[in-house]
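>>> predicted coordinates and the sequence they were generated for:
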Amino acid sequence: MKVLHLVGFYPEIGGPFSVIKELLIKLSQKGISIKVLSPIPKNYDKEKINFVKDLPFEVEYIEEQLPRFIMPSFSLKFINKIKQEETDLIHVAMLFDFYNVVATYFSKKPYLVSLHGTFMKEAYKMMKLKKLKKDFYMSIIGKKILKKAKFIHLLTQEEKEHFLEFYPEFENKIRVIPNGLDLSQFEIDLNKSDLINKYPHLKGKKIILFLSRINRIKGLDILIPAFAKLHNEDKNYHLLIVGKDDGDGYEKRVRQWVNEYGLTDAVTFTGLLTGKDKLMAFYGSDVFVLPSYSENFGVAMVEAMACGVPIVVSDKVGISREIIQYNAGTIVKTNIDDVYNGIKNVFQNLDEAKDMALNAKKMVHNLYDINKVADEMIKMYEEAIDSRWSNSR
C-alpha cells in the first residue's frame, strides 16, 4: 500500500509535526510505503530539516509562493506534483491549506482529511477575522473537500462532538483515531539535576512547566497572574515557559505581563526545545500546566504524562474526560483562581499527585501507544482503498 501524506513537515508546526513523524515511522515499519509532500516557508533554514535523511520514507519540500495569511501552503507546483504521484491513497492534514484544494480538484486518487482540531468551537470562534475567512472558505471550497473525502479523521470523541455541531451531514465519514506516541523514547535516565545543570538558577526551585506554542489560545493570560499569586506566597516557585512564538508576536505580550507582575527573575523563557532537551524539561519539572481555552488533544500534555509529571490542565482539553476516568490529573476551569488552586493543590498533596501521575502513565500506555494507533490507521487506509474499488464497480 502506497500512501502520500500532504502535511507541513518541519518542527515549527508544533505538536502535530512530532506525532505525525512518529506515526509515519511506525507505518513504514509496518510495511506501508510512505511519501511526504510538504510545503515550506520561503527562506527557511534547511539545517532544521536535516533529520529527514534518517527517516525510513521520502520527504519532498515545496517552497510556498504566498504568505500564509493569504493562503496557507500555496504553491502551483503542488498541482503537477500531486497529479504525478503513483499512490493508492492521499492523506491530507488540515483543511485550509492549498494542497487540500489540489487533492480535491486535480487528483483522481482517493483521499482522507485529518482536521487536527480545526472545528473545536472555542478555537474556531476566538479569532473573529479568521472565523470570517474560514466561513467563507468553507462555503466555497471546504465543504466540497469534506464531501469528496473518503473519511474525515478526528482525534477525540470531543472533537467529533464539536465537528458535528458544524456539519452533522458528514457523521458517517468520521473516524476517530487518537495521536500516538513512541513510548520507548520516554524510557530515558533523566531527573531534575539534569535540568538544573542546564539552568543552574533553577536549583532549589519548585518548577512549573508550560510547554507549548506561545499562542493566545493556550491560556498564558490566565497562567501568568495565577503564577504571580503563587510566587507572592512562596518565592521558590519558578515558571519555565518552553516554546516559541506562534508568529503573531504574542510572546511580547506574555513577557510584558511577566514584567508587570514583577516576575522577571521567576520566569524563564527557553524557546523551542526538542529531543533530549525537551525530555529534560519534563523530567526536571514538578508539575506541567496547560490552561488552554481550546485544546483538541494536547501532545505536550500527553508527553508529560508519559514522563510521569503531574498535570494541571483545563477542562477545554479534548481528552479531559479520559483524564477524569483514569484519575490521571487535575482538571481546572479557565480562570485565574482555578489554575492557582490546581497548581497549589499539587504541591500540597504530593502523594496524591504522584498517584495521579502513575495513573497517567497507565492511561498513555493503554490509549496512545503508537503501535496500537498505527494499526488503527492502517485499517482506515484499507477501508478507504476498498471503498474506492467498490464504488468503481
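Perfect, thanks for sending it. Quick caveat: nothing in here was measured; it's all calculated off a predicted structure. Numbers count the residues shown, from 1 in each chain.

>>> secondary structure element holding residue 112?
Residue 112 belongs to strand 111-114 when assigned by DSSP states H and E.

>>> restrict that strand to CA atoms and write it as PDB.
Extracted in PDB, the C-alpha atoms of strand 111-114 (Å, rounded to 0.1, in the frame of the first residue of the first chain):
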ATOM      1  CA  TYR A 111      -8.100  10.900  -0.100                       C
ATOM      2  CA  LEU A 112      -8.900  11.400   3.600                       C
ATOM      3  CA  VAL A 113      -8.600  14.500   5.700                       C
ATOM      4  CA  SER A 114      -7.200  14.900   9.200                       C
END
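
>>> now do the host helix or strand of residue 356: which elements does it pack against?
Secondary structure assigned from DSSP H and E places residue 356 in helix 350-367. Applying 3 or more Cβ pairs under 8 Å, 6 or more residues apart in numbering; DSSP states H and E, we find helix 350-367 packed against helix 299-306, strand 311-314, helix 320-326. Every residue, glycine included, has its C-beta placed from N, CA and C.

>>> show me what the following helix or strand past it is packed against.
Toward the C-terminal end, the helix or strand that comes next after helix 350-367 (DSSP H and E) is helix 370-392. Helix 370-392 sits against helix 15-29, strand 89-93, with contacts defined as 3+ Cβ pairs under 8 Å, 6+ apart.

>>> can I get those in TSV with mean neighbour count, distance to residue 161 and mean pLDDT?
Putting the helices and strands packed on helix 370-392 into TSV (neighbours: other Cβ atoms under 10 Å; distance: least, Cβ to Cβ, whole Å; pLDDT from 0 to 100) gives the following:
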stretch	mean neighbour count	distance to residue 161	mean pLDDT
helix 15-29	20	21	90
strand 89-93	25	21	95
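
>>> quick one: the strands in the stretch 1-150 of the chain?
Remark: strands assigned in the stretch 1-150 of the chain by DSSP state E, counting those that start in this stretch are 2-6, 33-40, 58-63, 89-93, 111-114.

>>> got the CA coordinates for the third one in PDB?
So that's strand 58-63. In PDB, the C-alpha atoms belonging to strand 58-63 read as follows (Å, rounded to 0.1, in the frame of the first residue of the first chain):
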ATOM      1  CA  GLU A  58      10.900  10.100   1.400                       C
ATOM      2  CA  VAL A  59      10.100  13.700   2.200                       C
ATOM      3  CA  GLU A  60       9.900  16.300  -0.600                       C
ATOM      4  CA  TYR A  61       9.600  20.000   0.200                       C
ATOM      5  CA  ILE A  62       7.800  22.700  -2.000                       C
ATOM      6  CA  GLU A  63       8.500  26.300  -1.200                       C
END
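
>>> can you redo the helices and strands packed on helix 350-367 as TSV with distance to residue 76, mean neighbour count and mean pLDDT?
Listed next are the helices and strands packed on helix 350-367 as TSV, based on distance: least, Cβ to Cβ, whole Å; neighbours: other Cβ atoms under 10 Å; pLDDT from 0 to 100:
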stretch	distance to residue 76	mean neighbour count	mean pLDDT
helix 299-306	32	26	95
strand 311-314	41	26	97
helix 320-326	42	17	95
